[in-house]
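> Quick one, fold the following:
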Amino acid sequence: MDSLHLPQDDQDERHAEKGKEIKVSPAQSTMTLIEEKPEHTDPWDLPELRDTGVPWSALDTRGKVLRVFVSLGKLVLLLGLLYMFICSLDILSSAFQLVGGKAAGDIFQDNSVLSNPLAGLVIGVLVTLLVQSSSTSSSIVVSMVSSGLLTVQVAVPIIMGTNIGTSVTNTLVAMTQAGDRSTFRRAFAGATVHDFFNWLSVMVLLPLEVATGYLYVVTKLIIDSFKIQSGEAPDLLNVITDVLTKSIIELDESVINGIATGDPEARNRSLIKRWCQTFTNTTLMNVTVPGPENCTSPSLCWVDGNYTFTLKNVSETYNIKKCKHLFVDVNLPDLAVGLILLALSLLVLCSCLILIVKLLNSMLKGQVAAVIKKILNTDFPFPFGWVTGYIAILVGAGMTFIVQSSSVFTSAITPLVGIGVISIERAYPLSLGSNIGTTTTAILAAMASPGETLANALQIALVHFLFNISGIILWYPIPFTRIPIRLAKNLGNITASYRWFAAVYIICCFFLLPLFIFSLSLAGWQVLVGVGVPLIVMFIIIIVINVLQKWKPGCLPVVLRSWDFLPLWAYSLAPWDKVVGVITAKCCCCCKCCQVTVDNEAHTENESVENNKKSHTEVYDNPAMSESVNLPVVWCSLSAGKVNNVLVNK
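Next comes the predicted model:
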């Protein structure tokens, strides 16, 4: 309106200035050079894996051929790294068995402790962590049940514990992606969704089993209803990996089972297999026994003077062919060999994981990434969208059946979750299928048992299978009940902000908590109930208050509508993060101060040499340059909290 009262020349000049501003301002602005991000972005959205290379259409014939060969080379290298990763897991399992296999057998022998369901649960967790293989720990349980040392009811909580213990491997794998905050958030959540499913399933099904015997009764009915013939356990991926792993180390599995079943001779035998081909000859021979009561039968017993003789079958084993692995002729104890293999396998394992992540990042770009993400994360059209998750469960079960290890499969998909190829919502059913796949292998292995022990061995394997099926029914079909996904995302957000908390989570959940429960179980039922019940009640009250604070704060008193009445360290990780930061800064400061001292000495020597050479040149008095040499020392002193000393020196 003001322009109507201006002269025509002024109006034209003003319009011209506006036109100039419109034309000039975009050229002068730097905002177009910055990629603006939405204010509220969901950190769980899958990132766009952009192709930073030259497009295929812009390449000449030579470039296209070269790219094809490079892509094929990357694929071959990826398969080789996956093969080395699986073999390193196998060697890692053997190393843990050498280090702690006999201790695991000793733990299983204490029936007075195993009669406590909670003790049996944490023993299953600890032993699986000790041998890094749920199949090894479950085979010990099966052998004890078959020999009559354990009943099926006592073995059920141990089987639940082995299910928890095997999920620590992929959680450790996620730690290798801690370098990038967003990648670590997704990777750690994708790994711990498996942990939360196992823990929540145990929290519901273990009390149910103690109260009703649900798993035992159902599996007993299945065993009694079907006459299942003995079969053979399949060797699928082991056919390929055994070529390498058996050339490095080969263990005698019968020794661990012998220790678990109480065989005194097994305790003095080495777990390292020396002879791969033996011949056992059994003959009926006259042997002396302490007295007639030790005879095989009264008809096969006679006394000659002070000696009592009887006829017994005596077995003698003859060694025919020696094994060909690296440690067959090494005169080292099992512990030393186990520690050597442990260090080497961990080195290869971590190296393979880092290289696999780097290789996947370079391969999954552009159109390839778009196709893979679309296949893995797209749901079926309405009204069949609900079928997608169950197909993912079947895919996870089938892949785990092929590789014969849930740890291998879940550890393989964890990097894919981290780089954004697989979403958390899709990784969850894949992990559930992995749990089922590892139990089907155990069922087929149990079917290879002798006829007299087939029923008990198969029942334990079915308990493991039914436990996972029941957990899936509890925590998957209804979207509201998929609590492990929400818990894993919350934990992923926490570890993205405080990456040190990931190590605290692993140590507490898989080591300190099981050891704490086990120590309470050793003290007796009275101590376990007296300490455990108040802690559980307090934990439940805190969860209820947190839920009400979020959804129904009006139902709570004014004081409990927030945790502000508590000290900050009691409900926030920020003060703890400062403590960790100070400790880290002091450690880094010591290293940097030492390095700065060495650098300063070298700099002083070089400076004196240059001054001698340039004695006739002009010298400039520049205080800024003289102070810049001491900047690292000043920074180091500041980081150590010595501000006053720095000011005094200056």
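> Give me the mean pLDDT for the longest helix anywhere in the chain.
Among the segments of the chain that qualify as a helix by DSSP state H, the longest is helix 61-109. Helix 61-109 shows a mean pLDDT of 79.
> chain center to that helix: distance?
15 Å (CA atoms, centre = their mean, to the nearest Å).
> Just list what it packs against, helices and strands only.
Under the contact criterion of 3 or more CB pairs under 8 Å, 6 or more residues apart in numbering; DSSP states H and E, helix 61-109 touches helix 117-131, helix 134-147, helix 238-248, helix 253-260, helix 334-363, helix 406-419. All C-beta spots, glycine's among them, are computed from the backbone N, C-alpha and C.
> Can I get the ones you listed in CSV including distance to Val156?
Putting these into CSV (distance: least, CB to CB, whole Å) gives the following:
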stretch, distance to Val156
helix 117-131, 8
helix 134-147, 10
helix 238-248, 28
helix 253-260, 17
helix 334-363, 30
helix 406-419, 19
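> closest to Leu98 out of the ones you listed?
helix 334-363 (3.0 Å; CB to CB).
> can I assume Trp44 sits in a strand?
No. If the criterion is DSSP: H, G, I helix; E, B strand; the rest coil, then Trp44 is coil and not within a strand.
> Could you shift the numbering so residue one becomes 368, and keep it that way?
With 368 as the first residue, the last one maps to Trp411.
> wait, doesn't it sit right on Arg553?
Yes. Using CB atoms under 8 Å, Trp411 is in contact with Arg553, at 7.3 Å.
> Now the common contact residues for the two.
Listed as contacting both Trp411 and Arg553 by CB atoms under 8 Å, 6 or more residues apart in numbering are Ile791.
> Between the two, tell me which one has more neighbours.
Arg553 (31 against 17; other CB atoms under 10 Å).
> pLDDT below threshold where in the stretch 618-767 of the chain?
Where the stretch 618-767 of the chain drops to pLDDT under 70, the residues are 623-624, 626-629, 631, 728, 731-742, 744.
> go again using 80 as the cut-off
Scanning the stretch 618-767 of the chain for pLDDT under 80 picks out 619-636, 644-667, 669-687, 713, 716-717, 720-721, 723-725, 727-752.
> picking up where we left off before, which one, of the helices and strands packed on helix 428-476, ends up nearest to Val925?
Shortest distance between Val925 and the helices and strands packed on helix 428-476, using CB to CB, is found for helix 484-498: 38.6 Å.
> Return the mean pLDDT over the closest one, rounded to an integer.
So the average pLDDT for helix 484-498 ends up being 82.
> and if you look at stretch 909-916?
88.
> Also stretch 868-881?
90.
> Quote the end-to-end distance of that stretch.
Using CA to CA, to the nearest Å, the end-to-end distance of stretch 868-881 comes out at 19 Å.
> List the contacts of that stretch.
Defining contact as CB under 8 Å, 6+ apart, one finds that stretch 868-881 is touched by 489, 492-493, 496, 532, 535, 538-539, 541-542, 545, 551, 555, 559, 562, 566, 858, 861-862, 940.
> one more time with 10 Å
485-486, 488-493, 495-496, 528, 531-532, 534-535, 538-539, 541-542, 545, 551, 554-555, 558-559, 562-563, 566, 858-859, 861-863, 865, 883, 940, 943-944, 947 (CB atoms under 10 Å, 6 or more residues apart in numbering).
> What of stretch 859-867?
The contact list for stretch 859-867 (CB under 10 Å, 6+ apart) reads 410-411, 541-542, 545-560, 784, 791, 868-872, 940-941, 943-944, 947-948, 950-951.
> Mind checking which of those residues are buried?
Buried residues within the contacts of stretch 859-867, defined by neighbour count using 16 or more other CB atoms under 10 Å: 411, 541-542, 545, 549-560, 784, 791, 868-869, 872, 940, 947.
> Thr647 is in what secondary structure piece?
Thr647 is part of strand 642-656 when elements are defined by DSSP states H and E.
> swap in His692?
His692 belongs to no helix or strand, assigned by DSSP H and E.
> pretty sure it is in contact with Cys643, am I right?
Yes. Here His692 reaches Cys643: they are 9.0 Å apart, a contact under CB atoms under 10 Å.
> Give the intersection of the neighbour lists for those two.
With CB under 10 Å, 6+ apart as the test, His692 and Cys643 both reach 613, 617.
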